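S.K.: Return atomic coordinates for the entry below.
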Amino acid sequence: MGQAQKYVLLGDATYPLQDWILKPYQEDENLTQRQLQFNYRLKRAHSVIENAFLRLKARWQILLKCDDCSLELLPTLVLACCILHNVCEAHDNPFNEEWLEGTEPTELPKPCQPAPAAMEDSRAEQVRELMCQYFESCGEG
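M.R.: Predicted coordinates for the structure are as follows:
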């Protein structure tokens, strides 16, 4: 993109736009094709992330019972499961689709109302615009 970027989290429309939280453009009839493409790609990325977490929880079902362990152990437990999951994926250890039966996609709590405009960071629009340009340069996909 021609400029070094930090990592960002993906948020939905209820989160404030920050230089570290990307959110879609507000859906209305005035969106440009480029903005619609950005929203589409953000939605696709979000679904890939949801699928990855679903597979992680299905393979390591101890993550479904994290309320059984101490808070001090929790980060280590999650990290260990992520590492082992990635090792299994990298070595073509087959994922058993039946494992998904034991897990349900969970809706994490989100804000009910959109964040006030005052919470938005003006620099964040530059980050979103750079991402928009990048997606446009990548073509369809």
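S.K.: Could you point out which residue ranges in this protein have low pLDDT?
M.R.: For the chain, applying pLDDT under 70 flags the ranges 1-3, 66, 102, 104-114, 116-117, 139-141.
S.K.: Pull the residues that contact stretch 20-37.
M.R.: Contacts with stretch 20-37, where a contact means C-beta atoms under 8 Å, 6 or more residues apart in numbering, come from 6-13, 15-17, 38-39, 42-43, 124, 127-128, 131-133, 135-136. C-beta here means a position set from N, CA and C on the backbone, and glycine is covered the same way.
S.K.: buried sites along the longest helix anywhere in the chain?
M.R.: In the chain, with assignment by DSSP state H, the single longest helix is helix 33-59. The neighbour-count check on helix 33-59 (16 or more other C-beta atoms under 10 Å) flags 35, 37-39, 41-42, 53-59 as buried.
S.K.: What ranges does the chain have for its helices?
M.R.: For the chain, the helices defined by DSSP H occupy 33-59, 74-90, 122-138.
S.K.: How about the last one, which residues are buried there?
M.R.: Neighbour-count burial for helix 122-138, with 16+ other C-beta under 10 Å as criterion, is recorded at A124, V127, R128, M131, C132, F135.
S.K.: Any chance of the residues you listed in CSV with distance to L77 as columns?
M.R.: Formatted as CSV, those follow (distance: C-beta to C-beta, whole Å):
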residue, distance to L77
A124, 33
V127, 33
R128, 34
M131, 33
C132, 38
F135, 35
